[in-house]
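Engineer: With the input below, show me the fold.
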Amino acid sequence: MAVDPTGAAVKQLLEEDPGGPVVMLNLLRFDPEHRGDYAAYSRTVGERILPRYGAELVYYGKGSTALVAEDGQAWDAVMLVRYPSRGVFAQMLADPEFAEVASLRTAALTEAVLQATVPLT
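Structural biologist: Numbers count the residues shown, from 1 in each chain. All right, here's what the predicted structure looks like:
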C-alpha cells in the first residue's frame, strides 16, 4: 500500500483548492521495526521544515480504544497539521530538505491516510 502522495494526487489537491488554510489529517500505522524512523522524520519536519512554511502541528496523538471500527481499522497515531494553503503544502513536498527525510516516513509506515480537510461553514 502506498503511504506517500503521488504527483497526480497533489495536482488534484491544488485543482480543488477552495482557498485559505488547509488542515491535513494523517492516520498512521507503523512498521514496529522502523517506528524510530518516524520519530527522526517528525523531529526534523517539526523543528525545521514546518516553521519555514508557516505550518503548525495542531495535534499529534497515539491511537487508543477504537469504539467503532472493523478489525484492523484502528490507527497507531493521528496527526493534524495546518498549512497556510494547499500551495504551501505542495511547496513543502518539493523542498530538498523535506525530500531528504521523507524516506524515513516511508520506511516507518505500513499504511497511511493523508487527507485535506475543508472547514464546515
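Engineer: Which residue ranges of the chain form strands?
Structural biologist: For the chain, the strands defined by DSSP state E occupy 22-30, 56-62, 77-83, 109-117.
Engineer: Show me how far the third one is from its chain's centre.
Structural biologist: By that I understand strand 77-83. 6 Å (C-alpha atoms, centre = their mean, to the nearest Å).
Engineer: of all the strands of the chain, which lies closest to Thr44?
Structural biologist: strand 56-62 (12.9 Å; C-beta to C-beta). The C-beta positions use only the backbone N, C-alpha and C, and glycine is treated the same way.
Engineer: for the closest one, packing partners?
Structural biologist: strand 77-83 (3 or more C-beta pairs under 8 Å, 6 or more residues apart in numbering; DSSP states H and E).
Engineer: Wait, Ser111 touches Val3, no?
Structural biologist: Actually, residue 111 is Glu rather than Ser. Yes: in terms of C-beta atoms under 8 Å, Glu111 counts as a neighbour of Val3; the distance is 6.7 Å.
Engineer: so what's Gly19 closest to, chain neighbours aside?
Structural biologist: In this structure, Gly19 finds its nearest non-sequential neighbour in Ser85, 7.5 Å apart by C-beta to C-beta, 6 or more residues apart in numbering.
Engineer: and Val81, how many neighbours does it have?
Structural biologist: When counting by other C-beta atoms under 10 Å, one arrives at 21 neighbours for Val81.
Engineer: OK, contacts around it?
Structural biologist: Residues in contact with Val81 (C-beta atoms under 8 Å, 6 or more residues apart in numbering) are Val23, Met24, Asn26, Leu50, Ala55, Glu56, Leu57, Val58.
Engineer: Output the strands of the chain as TSV; include the columns distance to Gly36 and mean pLDDT.
Structural biologist: Formatted as TSV, the strands of the chain follow (distance: least, C-beta to C-beta, whole Å; pLDDT from 0 to 100):
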stretch	distance to Gly36	mean pLDDT
strand 22-30	10	97
strand 56-62	15	97
strand 77-83	14	97
strand 109-117	13	96
